[in-house]
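>>> sequence and predicted model, in that order:
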Amino acid sequence: MTAAHDYDDVHHLVEQLTPDQLVEVRAHALRLVTGRRTFVPWSEAKRTAQRLPHIDHAEFRNDVDAVLDQNTLLGDDR
């Protein structure tokens, strides 16, 4: 289905968008047309993040450092 109206004002606005802004507008327009959701509102992302398990950052860093300290280039298989 095509738009029956002549939306010169919308065309003028689109011409002023940066490429990054145009990507966002296209994603939103696709969501409206297809009913598919490609954008998650910040409030929902925040609520979801609050339900994630707690990470002990010091322990995580130590685990990463332990793996990175392995000298795999010289054949050290510690």
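Alright, I've got the coordinates. Because the structure is a prediction, the values reported are computed rather than measured.
>>> distance from stretch 56-74 to the middle of the chain?
27 Å (CA atoms, centre = their mean, to the nearest Å).
>>> pLDDT weak spots in this protein?
Along the chain, the model assigns pLDDT under 70 to residues 1-4, 37-38, 70-78.
>>> now do the helices in it.
Under the criterion DSSP state H, the chain contains helices at 8-15, 19-34, 42-50, 57-68.
>>> next, format the ones you listed as CSV and append mean neighbour count.
Just so you know, the C-beta spots here come from the backbone N, C-alpha and C atoms, and that holds for glycine as well. Shown next, in CSV, are the helices of the chain (neighbours: other CB atoms under 10 Å):
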stretch, mean neighbour count
helix 8-15, 10
helix 19-34, 11
helix 42-50, 9
helix 57-68, 9
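>>> kindly tell me how buried residue 39 is, as a neighbour count.
With neighbours defined by other CB atoms under 10 Å, the count for residue 39 comes to 10.
>>> so what's it closest to, chain neighbours aside?
Leaving aside its chain neighbours, residue 39 sits nearest to residue 27 (5.9 Å; criterion: CB to CB, 6 or more residues apart in numbering).
>>> before I go, just wanted to say thanks for your time.
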